[in-house]
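[1] Need a 3D model of the following:
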Amino acid sequence: MTHNARRGLGYVSELVAASHAYPSELIDNDEYLRRCRFALGASPEQLARETRMQTRRWCLPHENTATMARAAVARLIEERPELVAEIDAVVVASGTTMPMAHPTDPENCAFADISPLVLAQLGRKEALGLDIKACYCSGFLRGLQVADGLLGNANYRSVLVLAVEQGSRFSVAETNRSSFCYIVGDAAGLVVLRRVAPRARAGIVDHVGFTDVDKLAWVGIGDDAASIIMLGSRAGEATTRLLLQCGRELLQRNGLYPTDVDWLLPIQTHAGLLDSVRAELSFDPAQLLWVGDRRGFSGSSSIPACLSEQLASGTVKKGDLVLSLAVGAGMNCAGTLYYA
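    Numbering: from 1, shown residues only. Below you'll find the model as predicted:
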């Protein structure tokens with residue numbers, strides 16, 4: 001059995017704050033079908049039944065990944081202003097902010113980084129900014145792993161990890177071929193991790209992840225930068241297998257049973273796929289945190305946005321043990337076990 005990835009580390013990366021933002025437009029199933037310009041391959045009734053989708057949030061023309069990121073950060077500043085001065089690094093995951101095609105600033109099409117914008121908004125002009133581009137739906141969990149490593153340097157007190165995606169850019173183009181587009185939404189979500197001395201029921205417990213290089217072309221963005229490539233059932237089967245692999249490894253090597261974990265919080269993708277993963281991992285239905293039917297699937301941002309919502313509502317409480325799992329394009333898979 002492999003060992004805990006954090007074994008022997010003399011610090012804990014404690015989650016001390018979370019925030020989220022959704023864009024303005026609420027798209028129900030009828031409106032999606034009205035805008036869709038390709039054949040979905042299934043009837044509207046079948047899609048609604050299998051995905052349990054009702055609504056998804058999309059950006060209006062004046063909104064994008066940069067505006068959603070700013071909104072999530074503004075909420076953090078309003079709710080936890082005392083944290084700003086100790087944020088020494090910002091890690092941003094966004095696979096849908098693309099140079100030339102989908103930049104953060106239309107007047108500078110080669111610029112697609114978001115971390116400098118966040119640093120400027122925080123007023124942290126000499127802190128570290130890092131953007132993660134190629135992990136797509138697993139980007140947030142990859143960002144947690146990077147932040148956990150950065151906090152091993154005593155010069156970093158806290159790290160902000162933000163994920164933001166505008167999948168709606170790719171969900172209706174006539175070049176699409178996958179009904180996966182039916183569930184896509186937009187969102188931003190973030191957490192702040194603080195370096196603290198080890199203590200019980202705090203911080204990141206363990207993380208796993210790798211890239212299945214044999215499947216690099218199975219999921220991605222089309223050459224027109226307006227569509228999603230998805231190799232149908234093969235990608236779905238691989239996603240399920242990789243989610244299960246990450247989940248089982250984290251549980252087994254930390255000596256945990258599903259009953260020891262309070263919440264299973266995966267990427268907020270297809271309802272049927274997540275039902276299968278939950279059942280295979282032996283989690284109770286009540287342990288699954290899923291808001292995809294109302295919010296849509298916003299890729300890497302779907303985990304932190306859901307987490308922030310559930311913390312704000314009191315569903316998830318400080319000290320709850322959470323297992324998060326994700327698989328993204330290139331078949332990047334990741335899992336993190338952590339205390340909220």
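[2] which residues sit in contact with Ser115?
    Val90, Val91, Val92, Gly129, Leu130, Asp131 (C-beta atoms under 8 Å, 6 or more residues apart in numbering). Glycine gets a C-beta too; all of them are placed from N, C-alpha and C.
[3] Surely the third one is within a helix?
    Right, Val92. No. Looking at Val92 with DSSP: H, G, I helix; E, B strand; the rest coil, it is strand, so not inside a helix.
[4] for the stretch 151-300 of the chain, what spans make up the strands?
    158-166, 186-196, 204-211, 219-221, 228-230, 263-264 (DSSP state E, counting those that start in this stretch).
[5] quick one: the residue of the chain most remote from its centre and Ala17, what's the gap?
    Using C-alpha atoms, centre = their mean, the residue of the chain lying farthest from its centre is Ser43. It sits 28.7 Å away. Taking C-beta to C-beta, to the nearest Å as the criterion, Ser43 is separated from Ala17 by 44 Å.
[6] Equivalent analysis for Ser138, please.
    Applying C-beta to C-beta to Ser138 and Ala17 gives a distance of 22 Å.
[7] More neighbours: these two, which one.
    Higher neighbour count among Ser138 and Ala17: Ser138, with 33 against 20, using other C-beta atoms under 10 Å.
[8] Number of residues surrounding Gly152?
    Residues near Gly152, counting by other C-beta under 10 Å: 13.
[9] Show the average pLDDT along stretch 187-196.
    For stretch 187-196, mean pLDDT rounds to 98.
[10] if I pick Glu45, what's in contact with it?
    Contacts of Glu45 by C-beta under 8 Å, 6+ apart: none found.
[11] can you tell me the helix or strand for it?
    Per DSSP states H and E: Glu45 is located in helix 44-51.
[12] So for that helix, mean pLDDT?
    95.
[13] Let me know the next secondary structure element after that helix.
    strand 55-58.
[14] shouldn't Ser324 be in contact with Pro266?
    Yes. Assessed by C-beta atoms under 8 Å, Ser324 is found in contact with Pro266 at 6.6 Å.
[15] Please enumerate the shared neighbours of the two.
    Ile303.
[16] could you pull out the helices for the stretch 151-300 of the chain?
    Applying DSSP state H, counting those that start in this stretch to the stretch 151-300 of the chain gives helices spanning 232-253, 271-280, 292-295.
[17] Pick the most buried one from those.
    helix 292-295 (a mean of 20; mean count of other C-beta atoms under 10 Å).
[18] how far out from the middle of the chain is that helix?
    14 Å (C-alpha atoms, centre = their mean, to the nearest Å).
[19] just checking, what packs against that helix?
    Helices and strands touching helix 292-295, by 3 or more C-beta pairs under 8 Å, 6 or more residues apart in numbering; DSSP states H and E, are strand 55-58, helix 271-280, helix 302-313.
[20] quick one, which of those is nearest to Leu83?
    With C-beta to C-beta, the closest approach to Leu83 among those belongs to helix 302-313: 14.3 Å.
[21] Could you name the helices and strands sitting against that closest one?
    strand 12-21, helix 139-150, strand 158-166, strand 186-196, helix 292-295, strand 321-328.
[22] hmm, try it at 6 Å
    Under the contact definition 3 or more C-beta pairs under 6 Å, 6 or more residues apart in numbering; DSSP states H and E, helix 302-313 sits against strand 12-21, strand 186-196.
[23] could you dump those to CSV with distance to Leu60?
    Shown next, in CSV, are the helices and strands packed on helix 302-313 (distance: least, C-beta to C-beta, whole Å):
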stretch, distance to Leu60
strand 12-21, 13
strand 186-196, 10
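[24] can you tell which of those strands is closest to Thr315?
    strand 12-21 (12.6 Å).
[25] Now do that closest one: everything it contacts.
    68, 71-72, 75-76, 80, 83, 148, 151, 188-194, 196, 198, 202-204, 305, 307-308, 311 (C-beta atoms under 6 Å, 6 or more residues apart in numbering).
[26] Equivalent analysis for stretch 52-70, please.
    21-28, 94, 97, 104, 114, 117, 164, 166, 168, 183, 185-186, 188, 271, 293-296.
[27] change it to 7 Å
    By C-beta atoms under 7 Å, 6 or more residues apart in numbering, the list of residues contacting stretch 52-70 from outside reads 21-29, 94, 96-97, 104, 114, 117-118, 121, 162, 164-166, 168, 182-188, 271, 293-296.
[28] which one of the helices and strands packed on helix 292-295 lies closest to Thr211?
    Between the helices and strands packed on helix 292-295, helix 302-313 lies closest to Thr211; by C-beta to C-beta that is 18.5 Å.
[29] What residues of that closest one count as buried?
    Neighbour counts over helix 302-313 (16 or more other C-beta atoms under 10 Å) mark Ser302, Ile303, Pro304, Ala305, Cys306, Leu307, Ser308, Glu309, Gln310, Leu311 as buried.
[30] winner for burial among the helices and strands packed on helix 302-313?
    strand 186-196 (a mean of 27).
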